[in-house]
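Q: give me coordinates for this.
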Amino acid sequence: FLLSVKDQLFEMRRQRLGQEAKQNAATLIQSHARKMICERKVRPALERSQAALKIQCIWRKYNAMVELELRLIEQDAAVTIQKSWRGFEVRALFQVNLDSATLLQARFRGYSERKRFTLLVSA
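A: Next up, the predicted model:
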């Protein structure tokens, strides 16, 4: 009788452990199934989100390139305007100097001729 009670307890324990193992296995399977179902629902949204991020990234890069190109064009235009203005100023100053030199030469020639004439007339 004692041996059979021991055997019965052992058998009951074995059955209980088997049931726990089955329950743990069922819980694990359910967990994986829920994970797969959730991934099937979330994956398309995640892919759309990643696609949207990629589009935004490309658009921002394009806008940055266009803005940089416009800045370079504006900078080139500013340099061209400055260069033209400096050239204009230098040419205007050169013309003033040239006119002054011409006037000075004309006055000196006039003075020289009058002096020569007075010397000719007085001789």
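Q: dump stretch 111-123 to CSV, restricted to CA.
A: Taking Å, rounded to 0.1, in the frame of the first residue of the first chain, the C-alpha atoms of stretch 111-123 are listed here in CSV:
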residue,chain,number,x,y,z
TYR,A,111,52.9,129.3,-71.3
SER,A,112,56.0,128.1,-73.2
GLU,A,113,54.7,129.5,-76.5
ARG,A,114,53.8,132.9,-74.9
LYS,A,115,57.3,133.1,-73.3
ARG,A,116,58.9,132.2,-76.6
PHE,A,117,56.8,134.7,-78.5
THR,A,118,57.7,137.5,-76.0
LEU,A,119,61.3,136.6,-76.5
LEU,A,120,60.9,136.7,-80.3
VAL,A,121,59.1,140.0,-80.2
SER,A,122,61.6,141.6,-77.8
ALA,A,123,64.6,140.4,-79.7
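Q: need the pLDDT of residue 1.
A: For residue 1, the pLDDT comes out at 54.
Q: give me the residue at the spatial middle of the protein.
A: residue 64 (4.8 Å; CA atoms, centre = their mean).
Q: let's verify that one: helix, strand, or coil?
A: Recorded secondary structure, residue 64: helix (DSSP: H, G, I helix; E, B strand; the rest coil).
Q: from residue 71, how far out is it?
A: According to CB to CB, to the nearest Å, residue 64 and residue 71 sit 10 Å apart. Bear in mind the C-beta positions are built from the backbone N, C-alpha and C, glycine included.
Q: with residue 55 instead?
A: 25 Å.
Q: residue 32: which element?
A: Using DSSP states H and E, residue 32 sits in helix 2-122.
Q: next one: that helix to chain centre, how far?
A: 0 Å (CA atoms, centre = their mean, to the nearest Å).
Q: done for today, thanks.
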